[in-house]
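Trainee: When you get a sec, could you give me coordinates for this:
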Amino acid sequence: MAETLDTTVVIPAFNEADGIVATVQGLKTQGFAEILVIDDGSTDETAVRAEGAGARVVRHPYNKGNGAAVKTGILAASSRVVLLMDADTQHDPTEASKLVGPIGAYDMVIGARTLADQTMLRAAGNAIFRALASWLTGRPIPDLTSGYRAAKREALVDVLHLLPNGFSYPTTSCLALLKSGQSVLFVPITARVRVGSSKIRPLQDGFRFILIIFKIVTLYAPLRVFAPIACLAMGTGVVYGIWNVLNFDKIPMGAALLIQLGVVVFLFGLISEQIASLQDRR
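Mentor: Prediction:
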């Protein structure tokens, strides 16, 4: 079991001067080995206030993205356990031990928010992402996009090349660890009202989340994506062909093409599965 004394807290921050002091001060009382704020090219006093509150600050010369800041923090962390959290006071520092404690038995522990802690629009979007990810991974996922999580540093370094520079690193890291056979635990947390306005763009980032879900699943288990498409195409072609034979005594070209499409997609899936297996062995 991990302890806060062996944990580096990584806080990506972009123009979070209003909330960073309270966040760092709340963490100081928990006895963490290191509090590391990654100032992602802020144009306000985020870095100055974070340093004044007692955090170590690493600065990006310009805004690279939330995920890029997280990657910088993971590489700069000096402890074997990394706790990731936001700088906007949404995440309660007193709940950090719930996430850090199980590390050792688990490779990653994610703080799962309740529906009451989310706006109606965000809750609806997250429900779609959770349902899709749960079906594709074969594992119930209570919260796919929570940024409050602890993990073994080595586990995060292993998937660092997969993490995007934008706001999708929680989705990517969760799916990558699940599909690579790592142990992931979800524990309930309470999300507080954030300071300032959210920088997430619902439409653009929501579409990006869906693409990332398919990207990670096809990377580790391609047949979870290819097999349903192949079955749908072949099944539709067979039903369409039988209906035409019964009614018109012929098999239409459309039915034959659908069956061929299903076979080709299934074969692509098999090839992709073999490539994924080779990657796992490496």
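
Trainee: dump the residue contacts of L219.
Mentor: For L219, the contacting residues are L162, A176, K179, A276, Q279, by Cβ atoms under 8 Å, 6 or more residues apart in numbering. C-beta: built from backbone N, CA, C; applies to glycine.

Trainee: Considering the residues you listed, which possesses the most neighbours?
Mentor: A176 (24 neighbours; other Cβ atoms under 10 Å).

Trainee: tell me the contacts of it?
Mentor: So A176 contacts V159, L162, I216, L219, Y220 (Cβ under 8 Å, 6+ apart).

Trainee: any idea which of those residues is closest to L144?
Mentor: I216 (11.1 Å; Cβ to Cβ).

Trainee: Tell me, how many residues neighbour the closest residue to the closest one other than its chain neighbours?
Mentor: Setting aside the residues directly before and after it, I216 is nearest to L175 in space (Cβ to Cβ, 6 or more residues apart in numbering), at 4.0 Å. Using other Cβ under 10 Å, L175 has 27 neighbouring residues.

Trainee: The one 10 residues further on now?
Mentor: By other Cβ under 10 Å, the residues close to L185 number 16.

Trainee: quick one: buried residues of the helix or strand that contains it?
Mentor: If you go by DSSP states H and E, L185 is part of strand 184-188. For strand 184-188, a neighbour-count test (16 or more other Cβ atoms under 10 Å) marks V184, L185, F186, V187 as buried.

Trainee: Can you give the strand pairings for it, parallel or anti for each?
Mentor: Applying DSSP bridges, strand 184-188 is found paired with strand 108-112 (parallel).

Trainee: Moving C-terminal from the partner strand, which element do we reach first?
Mentor: helix 120-137.

Trainee: want to try CSV for the contacts of A176, with pLDDT, distance to R56 and secondary structure as columns?
Mentor: Shown next, in CSV, are the contacts of A176 (pLDDT from 0 to 100; distance: Cβ to Cβ, whole Å; DSSP: H, G, I helix; E, B strand; the rest coil):
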residue, pLDDT, distance to R56, secondary structure
V159, 90, 24, coil
L162, 86, 26, helix
I216, 76, 31, helix
L219, 78, 34, helix
Y220, 77, 35, helix
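
Trainee: The chain: helices as residue ranges?
Mentor: Remark: helices assigned in the chain by DSSP state H are 17-28, 46-53, 66-76, 96-100, 120-137, 153-158, 169-179, 202-220, 223-248, 253-281.

Trainee: out of those, nearest to T114?
Mentor: Proximity to T114, assessed across those by Cβ to Cβ, is greatest for helix 120-137 (9.4 Å).

Trainee: Mind listing residues that contact the closest one?
Mentor: 115, 118, 140-145, 171, 174-175, 178-179, 202, 206, 209-210, 213-214, 217, 221, 224-225.

Trainee: ChimeraX command for the buried members of these?
Mentor: The ChimeraX selection below is limited to those of those classed as buried (16+ other Cβ under 10 Å):
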select :118,141,142,143,144,145,171,174,175,178,179,206,209,213,217,221,224,225
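
Trainee: show me where pLDDT drops low in the stretch 151-282 of the chain?
Mentor: Residue ranges of the stretch 151-282 of the chain with pLDDT under 70: 194-206, 279-282.
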